[in-house]
Each structure stands twice: as C-alpha cells, then as structure tokens.
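Asker: no FASTA, just this:
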C-alpha cells in the first residue's frame, strides 16, 4: 500500500459539526481581557516612561518640557487609579472597554513622544505595543480602529510636535525624508504586527475552542461508560432480593387452589418478577459493552463494535484482522487491547466518514506485529482531495456545503485525531493508488501502549 499523502475533503460527523457557523464559539474568545492585565501593562509602561524622561532630563541634561511630559505620564497613572478604585481586579472588560483603554494608551504615548521629538524620537516604535495587544485580543474591526488611531497620531506629530531634545548649544536637524521614513516604518509595522497578532490570536482561540469540544466528547463518552457500569452493578445488587421475591411468590402459589381469588394476583407477581430478572440479566451481560473506560477486548471485537452503528447506512462495512508480514510465530493470535471510549468514538468517526464517501464497501483492517498494532479504515470512494490533505487535523477547517456530498471537515477529524493521539497513536491519511482507489486512514500504536497487559482486569 503506497503511502501517498495527497488527500480529499473529510466530512465531520454530525455529532461534531456544530451548526452552520463552526467559528461561532470563537468570537466570544476575543475582547474579554482581565482588568488586572490591562492595569499591569499600563503600570509597566508608566514606570518605563518616567524612567526614560527623568534619565534624559537629569542624567543626559537635555532640555525638554519636563512638566508636560510628567503630566502625560500622570494621566495614565490616574486612569489606573480610577480603574482600580471602581472595578475589581478580576473584572473582565468588554471589547469596547478594552478598545477604549488601548486607544487612550495610544493617544497618551503619542503625546509623550510628540513632546520629545515626534517622528525624530526613536521611541516612536513603542506605539506598536497597544495596537498589537488590541489586534491579538479584539475583533478585526476594533484592531483596525486602533491602528487608524495610531496612524493618525503619528501623522499629526509633524504639525504640533516639539523638537528632539539635544545638548545645549547644539541642534540636531533630521532630514524630512528620514522623518517620512520613520512614519512609513511605523505604518508598515502597525499593519504587519496587527495582522500577525490577529492571526496568531485567532489560531489560539480556535485551538482552545476545539480542545474544549474534544473534552466535551470525551466526557460524554466516559459518562455513558460510567452509567453503563452503574446499571450493571445495580442489576447485580437487585438480582438476589428479586430472586427471593420470585421464589416466595412461586411457593405461595402452590398453597392456593386454581380457583382462589388471590391466585391471579400471585401469578402476576411471579410473571413480572421473572420479567424483571430477565431485564436485570441483560443489563449484567451488557456491562462489557458499557464499561468502556477501563476494560479489555480482543482487537476483532473492538473493530466490530466501532463498525456496528454504521453497518446499515447502505454501504457494507467489512472488518478483518491479520498479522503483519514481520510478525513472529508467537504473534499470530489477535492481541487483547485496551478498550477506551476515546478509541471507540474516534474509530466510529473515521468509519462514518468513510461510509459517507464510499461507493460500495468500507473495510476496517486490524494488523499487528511484535512492535506495533495498526488499524486501517479504507473506502472505495474518490479519495481525499489534493487541496485538503495539508490542512487535515486543523480545527474548524471546513469547505463542506450542505448540498455537496464531498464536503470538508469541521471538528470531526480534529477530535478523532486528538483523542487517538492521547492514547499514543499516530494517524496518517492518504490515498490508495491505481488500480484501486479510495481514501485510507492509518492508525498506529506501539504494541506495548495499546495492548492490555496479561492478566489485566477492569
């Protein structure tokens, strides 16, 4: 089997598609910043600004409007004092509040830079900081607005800005072309850092949101497993008293003749107690199917269980197992593997996707050797689209349209891969080559990770 990596679109299972807008949950991750974070950043800037101004004035002995500079710095300090007095430290500011505070920081810094040289001041680049923070945490509209405010402040500096402080008796006149270059550099930096911060912040929010979805899926599977174990334990505990009731009712029925008025009620008790015993027996026998969090099962049974829900969707799902060619004589029997809810869910997601694209058949093959255990999910459909393979595994990557059969994927592939990687697996999607066609998802575990230890019990 040639492991060629061009791929096709993969449809997310319905259980993880998440609605028409897969990025809906990401929007809420932007704009909500802790007030304490903004205050701490501003105190840091205040200390740095005050130190720089005092160093230039007292140590370098440069002439500069010290009162106006300290007044601009004091404005930031008073804003922090106001925020600390009226808001708790853990207050989450809204997008508008965050943008307003960052806009104030931009204007305050622009005033301070303008008083100390304007476009000639090398600290002009510090104006990038609040814009970058805003672009990383706010929606693009707010980030763009902050960038425009910063550009406007920089463009106004040549009109009202003061001369760059210098030694007494000397004058430093930087060419207009240099100052224009400073403005251009700041403008380019604002655009570049704003876009970069927005993209990295969005990717982080997408990943966090997707991992939350993974955790929700895993939690649901574990809850179902725990519920099954609880039902089985309850059935076991109720079995003995119910058997006593059933036996007592049968003994009581023998003491009454057939025409006795109480005979019908006693027979009803016997019948219903027998029915309850049958139900409890079924619950006890199904424990191995529900207590999936901590159990073991042969590899063929694992494949059959993951495939069973998808066998009635119009496509034949065929399961098979066989040792790899490099398996030794002692490795001919199918291994007993750990049966975990994340593995069942992930395999089911891959099989469901394969069924949705297959023409006639999906095969789920288990292979093993002394070193590793592999599972191949293969369909006879068109295969992965070349444009999709490079992005497989990214959360919220989707090109699927409702009316299209060969759509994309949202969270389905990401969740399945993440769950399997938690168990130590490596997932590789690729296409089969001619004459056979179709997509393949190969899952490989080290055998000592996936195989249940000898004598290990749930």
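Answerer: Nice, thanks for sending it over. The model shown is predicted, which means the values in this text are computed figures rather than measured ones. Numbers count the residues shown, from 1 in each chain.

Asker: only C-alpha atoms for contact and neighbour calcs from this point on.
Answerer: OK.

Asker: residues contacting residue 372?
Answerer: 444, 445, 446, 447, 448 (CA atoms under 8 Å, 6 or more residues apart in numbering).

Asker: redo that, cut-off 10 Å
Answerer: 324, 327, 444, 445, 446, 447, 448, 449, 450, 451 (CA atoms under 10 Å, 6 or more residues apart in numbering).

Asker: any chance of these in TSV, with pLDDT and secondary structure too?
Answerer: Below are these laid out as TSV (pLDDT from 0 to 100; DSSP: H, G, I helix; E, B strand; the rest coil):
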residue	pLDDT	secondary structure
324	91	coil
327	84	coil
444	95	strand
445	95	strand
446	94	strand
447	93	helix
448	91	helix
449	91	helix
450	92	helix
451	90	strand
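
Asker: of all those residues, which comes closest to residue 356?
Answerer: residue 444 (23.3 Å; CA to CA).

Asker: So the closest one is in contact with residue 368, correct?
Answerer: Yes - in terms of CA atoms under 10 Å, residue 444 counts as a neighbour of residue 368; the distance is 9.4 Å.

Asker: So for these two, which sits in the more crowded spot?
Answerer: Neighbours were counted for residue 444 and for residue 368 using other CA atoms under 10 Å; residue 368 has more, 26 against 21.

Asker: doesn't residue 332 make contact with that one?
Answerer: Yes - counting by CA under 10 Å, residue 368 does reach residue 332; the two are 8.7 Å apart.

Asker: okay, and the common contacts of those two?
Answerer: With CA under 10 Å, 6+ apart, residue 368 and residue 332 have common neighbours 322, 323, 324.

Asker: For residue 420, which non-adjacent residue is closest in space?
Answerer: residue 343 (6.1 Å; CA to CA, 6 or more residues apart in numbering).

Asker: Would you agree that neighbour falls within a helix?
Answerer: Yes - checked against DSSP: H, G, I helix; E, B strand; the rest coil, residue 343 lies within a helix.

Asker: rewinding a little: got any residues that touch both of residue 444 and residue 368?
Answerer: With CA under 10 Å, 6+ apart as the test, residue 444 and residue 368 both reach 374, 375.

Asker: and residue 181, how far is that from residue 163?
Answerer: 17 Å (CA to CA, to the nearest Å).

Asker: what about the two, which has more around it?
Answerer: A direct count of neighbours by other CA under 10 Å for residue 181 and residue 163 places residue 163 higher, at 19 against 13.

Asker: Let me know the pLDDT of the more buried one.
Answerer: Model confidence at residue 163, given as pLDDT, is 85.

Asker: Same check on residue 56?
Answerer: For residue 56, pLDDT reads 91.

Asker: Verify the assumption that it is located in a strand.
Answerer: No - checked against three-state DSSP, residue 56 lies outside a strand; its state is helix.

Asker: my read: it touches residue 166, true?
Answerer: Yes - the pair residue 56 and residue 166 qualifies as a contact (CA under 10 Å) at a distance of 9.4 Å.

Asker: my guess is residue 335 meets residue 449, correct?
Answerer: No - the criterion here is CA under 10 Å, and residue 335 misses it with residue 449 at 12.0 Å.

Asker: Look up the residues that both of the two are in contact with.
Answerer: residue 373.

Asker: if you count what's nearby, which of these two comes out ahead?
Answerer: residue 335 (22 against 16).

Asker: Contact partners for that one?
Answerer: Neighbours of residue 335 in contact, by CA under 10 Å, 6+ apart: 297-300, 323, 366-370, 373, 447, 450-452.

Asker: how does it look with 7 Å?
Answerer: 298, 299, 451 (CA atoms under 7 Å, 6 or more residues apart in numbering).

Asker: same for the helix or strand where residue 145 lies, what does it pack against?
Answerer: Counting by DSSP states H and E, the element that carries residue 145 is helix 140-160. Helix 140-160 sits against helix 95-115, helix 128-137, helix 176-254, with contacts defined as 3 or more CA pairs under 7 Å, 6 or more residues apart in numbering; DSSP states H and E.

Asker: Now the weakest link among those, please, by mean pLDDT.
Answerer: Among the helices and strands packed on helix 140-160, helix 176-254 carries the lowest mean pLDDT (a mean of 74).

Asker: I'd like the next helix or strand past it.
Answerer: helix 263-285.

Asker: Show me which parts of that following helix are buried, residue by residue.
Answerer: Neighbour counts using 16 or more other CA atoms under 10 Å place 263, 266, 269, 270, 273, 274, 276, 277, 280, 283, 284 of helix 263-285 among the buried residues.

Asker: for stretch 439-448, same thing?
Answerer: Quick answer for stretch 439-448 (16+ other CA under 10 Å): 439, 440, 441, 442, 443, 444, 445, 446, 447.
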